[in-house]
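>>> compute the structure for the input listed below.
(2 chains)
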Number of protein chains: 2
Amino acid sequence: GPGKKETSAGGEHPLPGFRLSAVLRESARDKTIFLHGKVNGDGEATEDAVVIMERAPFQAESVSNLLGNNPAMTVQLKNDIYGVYHLSPPAELNDIKTTVIRPATEKHIKKYLHQEVYLIQEKGEDYKNITLPFIESQSSSIQWVYNILEKKAEADRIVYENSDPENGFLLLPDFKWNQKQVEDLYLIAISQKRGIKSLRDLTADHLPLLRNILQEGTEAILKRYKLQANQLRIFLHYQPSYYHLHVHFTALGHDAPGITVERAHLLSDVIQNLEMNSRYYETRTLTYALREDDALLKCFKDSGKC
Amino acid sequence: GPGKKETSAGGEHPLPGFRLSAVLRESARDKTIFLHGKVNGDGEATEDAVVIMERAPFQAESVSNLLGNNPAMTVQLKNDIYGVYHLSPPAELNDIKTTVIRPATEKHIKKYLHQEVYLIQEKGEDYKNITLPFIESQSSSIQWVYNILEKKAEADRIVYENSDPENGFLLLPDFKWNQKQVEDLYLIAISQKRGIKSLRDLTADHLPLLRNILQEGTEAILKRYKLQANQLRIFLHYQPSYYHLHVHFTALGHDAPGITVERAHLLSDVIQNLEMNSRYYETRTLTYALREDDALLKCFKDSGKC
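Residues are numbered from 1 along each chain as shown, chains lettered A, B, ... in the order given. Here you go, the predicted model:
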């Protein structure tokens, strides 16, 4: 890969002196684990870190080559035509994608902690009275989005750009995708225009932007990755994880996180709704799930709305 | 581990001389891959083999020890407090569970073969011209549904009953649920009224039925299983797997099959849409995925609609 090697000693290491505080979450199905730990900061300071580890998907060519070279296989069980074996592949097939958030705030740590979930039925007036004031009271920075839009970060990752300040967008791979196989393709289109917080802010005025994202986004993906528009799931989240308008593009066959009916809204449906009624998302009751530790859930409870 | 070591040479190897024939299926999320290959059999014979490879889930203790030892981490990207790294762990953390079926028959191979999926944008007129004639041409019997409604089958499984022939329904556990824990609760409400094939047939006339299912279904689940209405995901499928109106109830935290945005429609949204426009589902463009071997996909292709 194009990355530079970090040393594993001293302050340059991403996780110096890591000590585990808690396992926040793990999924045996996804082969992921989310850890909270302490690391050494400057001087004698200690910092919190969230570490997300995920095993790499297989690549057909490399595992096929591996199997063709008679690798050592330890038998676990054998029954008739069925056998189960342990196979230890060489290091280059064993990448663990390790995402580090450091220093991590209490909010980061909570975000990844496993929690019960509850459904909210958010009326248009609930948005105005509860959700919007809540969002505005939060100081969660979206500077990293502006860094991308201003090409101060990730400029080399841009797949497609429409630079129109009103109706343009940037398309780039999501962090979740390693870009090695299209089976789990995942890109994000980020609106150039600022101030569109979510679905709730969309009106018919945004139809040109949304149609550009749909049309030009699918064309760019066809050109670069050879996936047709009808092999893509294109959607928005409500609630989104950050309040700057963005649209998710995933391979339709990929069982990606966040594609469930209570969170995802197909872009084609959003366009259809706004064509029918410019105020659709101002007035519509929107349903979504919140985790039990979500401060927004507490706001709804305090208002007697759930 | 307790397994005995197999040699990697000659006829004792589970996959001697493996050559890849085809990748049958792969899941980037699950970190699995299903391969069809040829291996050397007795003498000069060649055998078919199916090989299923799956990466190991993480164990908290071993990855935490690994991180505590300042492992080499190669930076992939860095932006503000977020960093993504490659980490190559030692061999003992890299087990690949390898299942071998050998000799594999044609049936084994087909069983694991992945089907591409394609998105359909079904306009109201497409439903009338393509989908409805297709459904009517199929002879798939729903006698088993009538058996339940007439209590000739599964009568002992009924959780709740409203026997009104127009606006009543039966509620019973889905076969996918073993009823042992509410974490994966899954029930089905089946309309007493016959002839409502799917979402497409619903009008404002069906609102009393739909409201009964929502209200009485959630009350029955609270009473029997102690799950609140806001801990349930209540939805219809389009396309459904059988053409008699039914509604799915699952635990909200359960990552059940068929809950993705391109298949599931929340009952609360369906009610809201019909309250807005009685002909909503007659005219709306509905989006759903079909497998490449689905006969309905062929109908859309033959009509030049995808």
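>>> with chain B in mind, check whether stretch A:191-203 reaches it.
No: using Cβ under 8 Å from any Cβ of the partner chain, stretch A:191-203 never reaches chain B; the gap is at least 13.0 Å. Backbone N, C-alpha and C define where each C-beta goes, glycine included.
>>> what of stretch A:272-288?
Yes: judged by Cβ under 8 Å from any Cβ, stretch A:272-288 comes into contact with chain B through A:272, A:284, A:285, A:287.
>>> and the end-to-end length of that stretch?
20 Å (Cα to Cα, to the nearest Å).
>>> so which bits of that stretch are buried?
By neighbour count on 16 or more other Cβ atoms under 10 Å in any protein chain shown, the buried set for stretch A:272-288 is A:272, A:273, A:274, A:280, A:281, A:284, A:285, A:286, A:287, A:288.
>>> run the chain-centre distance for the one helix or strand the fifth one maps to.
This points to residue A:281. Per DSSP states H and E: residue A:281 is located in helix A:280-283. How far helix A:280-283 lies from its chain's middle: 26 Å, per Cα atoms, centre = their mean, to the nearest Å.
>>> name the residues that touch it?
A:124, A:199, A:200, A:201, A:202, A:203, A:270, A:273, A:274 (Cβ atoms under 8 Å, 6 or more residues apart in numbering or on different chains).
>>> which one of these sits closest to chain B?
Taking Cβ to the nearest Cβ as the measure, chain B sits nearest to residue A:273 out of the contacts of helix A:280-283, at 9.9 Å.
>>> would you mark the buried spots in the helix ranked longest in chain A?
Secondary structure assigned by DSSP state H gives helix A:207-225 as the longest helix of chain A. Within helix A:207-225, the residues scored as buried using 16+ other Cβ under 10 Å are A:207, A:209, A:210, A:212, A:213, A:214, A:216, A:217, A:218, A:220, A:221, A:225.
>>> got it, and stretch A:89-109?
A:89, A:93-102, A:104, A:108-109.
>>> which SSE is residue A:42 in?
Applying DSSP H and E, one finds residue A:42 in no helix or strand.
>>> got phi/psi on it?
phi -70, psi 140 (degrees, to the nearest 10).
>>> quick check: the gap between it and chain B.
Separation of residue A:42 from chain B (Cβ to the nearest Cβ, to the nearest Å): 15 Å.
>>> picking that back up, need the buried residues of helix A:207-225 in JSON lines (columns: distance to residue B:180 and pLDDT).
Shown next, in JSON lines, are the buried residues of helix A:207-225 (distance: Cβ to Cβ, whole Å; pLDDT from 0 to 100):
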{"residue": "A:207", "distance to residue B:180": "49", "pLDDT": "98"}
{"residue": "A:209", "distance to residue B:180": "49", "pLDDT": "98"}
{"residue": "A:210", "distance to residue B:180": "45", "pLDDT": "98"}
{"residue": "A:212", "distance to residue B:180": "50", "pLDDT": "98"}
{"residue": "A:213", "distance to residue B:180": "45", "pLDDT": "98"}
{"residue": "A:214", "distance to residue B:180": "44", "pLDDT": "98"}
{"residue": "A:216", "distance to residue B:180": "50", "pLDDT": "98"}
{"residue": "A:217", "distance to residue B:180": "44", "pLDDT": "98"}
{"residue": "A:218", "distance to residue B:180": "44", "pLDDT": "98"}
{"residue": "A:220", "distance to residue B:180": "48", "pLDDT": "98"}
{"residue": "A:221", "distance to residue B:180": "43", "pLDDT": "98"}
{"residue": "A:225", "distance to residue B:180": "43", "pLDDT": "97"}
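>>> give the next helix or strand downstream of the helix holding residue A:281.
Sequence-wise, the next helix or strand downstream of helix A:280-283 (DSSP H and E) is strand A:286-291.
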